[in-house]
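1. Need a 3D model of the sequence below.
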Amino acid sequence: NALKYLLLPNIHTIEIPVVFCGINWTADQYKLPTQGVTGILEVLPLEELVQTLKPYYPEMKKLLVLNENTTTSRKTKPVLDTVLNDQGILVSQELVDDFESWKSVFVRANQNYDIIYLQTRGAIKNWNHDEALNIIKEYIKIPLVTCEEFMMPYAVLGLTQISKEQGFLAGEAAKRILRGTNPSDIPITKNQLSKIWINTDLAEKIGFTPDKELLKQAKIVSK
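-> I've put the predicted structure just below:
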């Protein structure tokens, strides 16, 4: 919103450099000028997550993205399709408005897909944490994965970004500009760091047994 509604309408009158952060996946749609602006894109480590899971499920082909129905979700839908298709994954996406719809889609998906990517749930109306856990424990048959730390109670495996990296990268860009570097000489970049999570209770339910190396790296989520 800050980029779209504050920066863009005033871009030709702003005389000070701008460093943005937290823009999802790409800034191409904003058609930013090459002068005076740089920043950091927020990219979820979904590609790395799929690569981490593939050795355990080499035959997986069909993935369902189960997500809330919001402007951001609709905007990122084609991006997720591209990222996952590049990994040889056939993608379907269900954007739901309420918890009842989420439950219905989740139960069906466990019969028809090889993996479910749980993106987020903040805008799903009437979300019930305890009931969601009960539904998952009753119907889970396939890996549930996520790139959001707060979704790990519902997922088997997670690979999440380290949010403070956005601040570090933006701060470094700002310091370079203050030392005299032109923003146009600082390429727009993206986050690189990530953290692995394993929900051992749900992993046990589907017989997912990560090797020692993965376990050593992971943060464990359990009851």
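2. How are the helices of this protein distributed by residue range?
-> 46-53, 71-85, 99-112, 129-139, 164-178, 200-206, 212-217 (DSSP state H).
3. So which of those is nearest Cys147?
-> helix 46-53 (5.6 Å; CB to CB). C-beta: built from backbone N, CA, C; applies to glycine.
4. Buried ones in that closest one, by neighbour count?
-> Neighbour-count burial for helix 46-53 flags 46, 49-50, 52-53 (criterion: 16 or more other CB atoms under 10 Å).
5. ditto for stretch 11-29
-> Neighbour-count burial for stretch 11-29 [16+ other CB under 10 Å]: 11, 17-21, 23, 25, 27.
6. Would you point out the most distant pair within those?
-> Spatially, the most separated pair among the buried residues of stretch 11-29 is Pro17 and Trp25, at 23.2 Å (CB to CB).
7. Could you check how far Glu59 is from Val105?
-> According to CB to CB, to the nearest Å, Glu59 and Val105 sit 23 Å apart.
8. that older thread, can you redo the helices of the chain as a markdown table with mean pLDDT and distance to Gln35?
-> Formatted as a markdown table, the helices of the chain follow (pLDDT from 0 to 100; distance: least, CB to CB, whole Å):
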| stretch | mean pLDDT | distance to Gln35 |
| --- | --- | --- |
| helix 46-53 | 92 | 32 |
| helix 71-85 | 88 | 26 |
| helix 99-112 | 97 | 45 |
| helix 129-139 | 97 | 48 |
| helix 164-178 | 95 | 12 |
| helix 200-206 | 95 | 50 |
| helix 212-217 | 90 | 42 |
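9. Tabulate the buried residues of stretch 11-29 (CSV), appending pLDDT and distance to Asn67.
-> Shown next, in CSV, are the buried residues of stretch 11-29 (pLDDT from 0 to 100; distance: CB to CB, whole Å):
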residue, pLDDT, distance to Asn67
Ile11, 80, 32
Pro17, 91, 35
Val18, 89, 30
Val19, 93, 29
Phe20, 91, 24
Cys21, 91, 23
Ile23, 87, 19
Trp25, 86, 14
Ala27, 85, 22
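10. Go through those residues and say which is closest to Pro33.
-> Out of the buried residues of stretch 11-29, the member with the shortest distance to Pro33 (by CB to CB) is Ile11, at 6.2 Å.
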